[in-house]
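Chemist: Sequence first, predicted model second:
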Amino acid sequence: MSELLTVVRSEERDDVAPDGSDVRILARVDAGGTAEFSLAPDCISRAVRHRTIEEVWFVIEGRGSIWRKRGDLEEVTDLAPGTSVTIPVGTSFQFRSTPGVALRILGATMPPWPGDGESIPVTGPWTPTV
């Protein structure tokens, strides 16, 4: 059973995601967790695919785009405050921020992040900068 938990967002990053984005760990329960992912202005993440988890993202601040590919379906979606996207299990993805503006995203991960080995590097459309 999940415990009662209160987490205050850290000003400094708690970790670096396998895609290279900064991570600030937020609250979690047995079924899922939350975190804030961010990219500095004009940065491009590494392309990855998750083995067992899926995510829902909500853009808090900034602008950018995300590439997602699952089977034969492939798309690039603009990211702006208020935009929400899903990353189902097995979806390859890569994201980038626009010049001059940092990108901040609230992410929900289901189940909670299991640790090292969850992300598999893949080839994305852009050359990573982080």
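Modeler: It's in. Nothing here was measured: the structure is a model prediction, and the numbers come from that model.
Chemist: Now for the residue nearest to the spatial centre of the chain: which residues touch it?
Modeler: Note on the chain: the residue nearest the mean C-alpha position is residue 37, at 5.6 Å, using Cα atoms, centre = their mean. Residue 37 sits next to 17, 21-23, 57, 104-105, 107 when contact means Cβ atoms under 8 Å, 6 or more residues apart in numbering. (C-beta placed from N, C-alpha, C; glycine too.)
Chemist: which one is the residue sitting furthest away from the middle of the chain nearest to, not counting chain neighbours?
Modeler: The centre of the chain is farthest from one residue, residue 1, which by Cα atoms, centre = their mean lies 26.2 Å away. Among residues not flanking residue 1 along the chain, residue 30 sits closest, at 7.1 Å (Cβ to Cβ, 6 or more residues apart in numbering).
Chemist: For that neighbour, give me its contacts.
Modeler: Applying Cβ under 8 Å, 6+ apart, the residues near residue 30 are 1-2, 111-112.
Chemist: could you dump those to TSV with pLDDT and secondary structure?
Modeler: TSV is the format used below for the contacts of residue 30 (pLDDT from 0 to 100; DSSP: H, G, I helix; E, B strand; the rest coil):
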residue	pLDDT	secondary structure
1	71	coil
2	81	coil
111	95	coil
112	92	coil
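Chemist: Any chance of a PyMOL selection covering the buried ones in these?
Modeler: In PyMOL syntax, the buried subset of those is picked out as below (16 or more other Cβ atoms under 10 Å):
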select buried, resi 112
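Chemist: of the contacts of residue 30, closest to residue 62?
Modeler: Relative to residue 62, the closest of the contacts of residue 30 is residue 112; by Cβ to Cβ it sits at 25.4 Å.
Chemist: how much space between residue 1 and residue 31?
Modeler: According to Cβ to Cβ, to the nearest Å, residue 1 and residue 31 sit 11 Å apart.
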